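Undergrad: Quick one: sequence plus predicted model below, questions after.
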Amino acid sequence: MEDNSYKLIIAYFEKTISDEGLTQLQEWIEASPENLTQFSETIHILEASKSYFKQPLHPENAWAKVQAHIDREETSMPQKKRRWIPFLAASLICCILASVVYQYHSATTEEYVLLSNTNGRQARYLLPDYSVVYLGGGSKLKYLKDFTGKTRKVQLDGEAFFDVVHQEEHPFSVATGDITTVVLGTSFNIKAYEHEEKVAVTVKTGKVAVMAKTKGHNEVIRYLLPDDQISINTRNGLYTFSETDADEVVSWINRDFIFYNTSLQDIATSLEHHYGVEIEFTDPELSKVRLTAKFKNISLTEAMENLTILSGLAYTQNGNHLYISNNNQKGGKIMK
């Protein structure tokens, strides 16, 4: 069983071992004290090889360290156990060579797909794993072309609704700056325009883990269930957690908008992405007015008329530029 047990140890070390393999390895270790010793020594040598994998461009230096470690182990081992060393050394060489080829190939052939929508445009995309993503206006989504590996990773700047195909062995993650959302199979919405310095994650079905990079390490901030929402200020790290109606949050994919006690500034930003316009306030204080409003797939003119009625304000339009002012005023801008 020597060859098979070594393969199991390698799988255990690389964290790719199956439940069945783990059971076989445990039974083999418990079969004799010698097996336990061989397991420990093999793990020790594999640990010594890690320096190579961290710096794959200099395999001769890393291999020298591994070889020196093997030589020390061989000198101290009883003759009976030394029969493992040639096999282990050859296997490590194969691992190193395979890693060199793989990492060189990856570095030279990695291709990314970039999905990008301008303001005023939203679209539905099918990812290589058959997950569906609705990408909002002014949003970008980036991922590796082959989209294979242990994890399915995408990068988002903007707003998107994901309906992820369940693959237990291949978690799906969405990176938005230092915030990462990890799922197995679920549907959820992320709003994370980089310039706004805010990330909002809302779960419609399933369960997600929202993680943040702190001091170089990813830590789970919160697990979210259906109708849970977390909003994170990426500038200062403060966040809030609440229950919401996920169907209303994702209504934008049907060109509907539902705002509850939302500032005019946030409403204006959403309308900018949706209609492809620029909205400014002639008085910054006006942007702080808070409203509750529902827009069901209406035109920009209808949306602005509803807003002005609800807020008691007025607006002026000049092409793609809109200016919100106090009632009975008209706004504009001196171009400098």
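TA: Noted; the coordinates are in hand. Computed from a predicted model, the values in this text were never measured in an experiment.
Undergrad: give the contact list for A209.
TA: 181-183, 220, 222-224 (C-beta atoms under 8 Å, 6 or more residues apart in numbering). No exception for glycine: its C-beta is placed from N, CA and C like everyone else's.
Undergrad: tell me which element it falls in.
TA: Using DSSP states H and E, A209 falls within strand 208-214.
Undergrad: if we can go back for a sec, of the contacts of A209, which is the most crowded?
TA: T181 (25 neighbours; other C-beta atoms under 10 Å).
Undergrad: In which helix or strand does that residue reside?
TA: strand 179-183.
Undergrad: Partner strands of that strand and their direction?
TA: strand 172-176 (antiparallel), strand 208-214 (antiparallel) (DSSP bridges).
Undergrad: Counting by contacts, list what the helix or strand just after the last one packs against.
TA: Moving toward the C-terminus from strand 208-214, the first helix or strand encountered (DSSP H and E) is strand 217-224. Of the remaining helices and strands, those touching strand 217-224 by 3 or more C-beta pairs under 8 Å, 6 or more residues apart in numbering; DSSP states H and E are strand 198-205, strand 208-214, strand 228-233.
Undergrad: winner for burial among those?
TA: strand 198-205 (a mean of 21; mean count of other C-beta atoms under 10 Å).
Undergrad: Direction included, what does that strand pair against?
TA: strand 187-192 (antiparallel), strand 228-233 (antiparallel).
Undergrad: who wins for proximity to L271 among those strands?
TA: Evaluated over the strands paired with strand 198-205, closeness to L271 peaks at strand 187-192, with 14.1 Å, by C-beta to C-beta.
Undergrad: Touching the closest one from outside, list them.
TA: With C-beta under 8 Å, 6+ apart, strand 187-192 has contacts from 136, 156-164, 174, 176-177, 179, 181, 198-206, 208, 224, 246, 249-250.
Undergrad: Give me the angle between that strand and strand 217-224.
TA: Counting by axes from the mean of the first three to the mean of the last three C-alpha atoms, to 10 degrees, strand 187-192 lies at 130 degrees to strand 217-224.
Undergrad: contacting residues for the residue nearest to N218 when sequence neighbours are not counted?
TA: The shortest distance from N218 to any non-neighbouring residue, by C-beta to C-beta, 6 or more residues apart in numbering, is to M211 (4.6 Å). By C-beta under 8 Å, 6+ apart, the contact set of M211 is 179-182, 218-221.
Undergrad: Where does confidence bottom out across the residues you listed?
TA: Ranked by pLDDT, the contacts of M211 bottom out at N218, which scores 75.
Undergrad: Let me see the contact set for that residue.
TA: 180, 211-212.
Undergrad: Redo those as JSON lines? Include distance to T148.
TA: Formatted as JSON lines, these follow (distance: C-beta to C-beta, whole Å):
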{"residue": "T180", "distance to T148": "19"}
{"residue": "M211", "distance to T148": "22"}
{"residue": "A212", "distance to T148": "27"}
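Undergrad: ok, residues contacting stretch 285-298?
TA: Here stretch 285-298 has contacts from 254-265, 267-268, 281, 302-303, 306-307, 310-311, 313, 324-326, using C-beta under 8 Å, 6+ apart.
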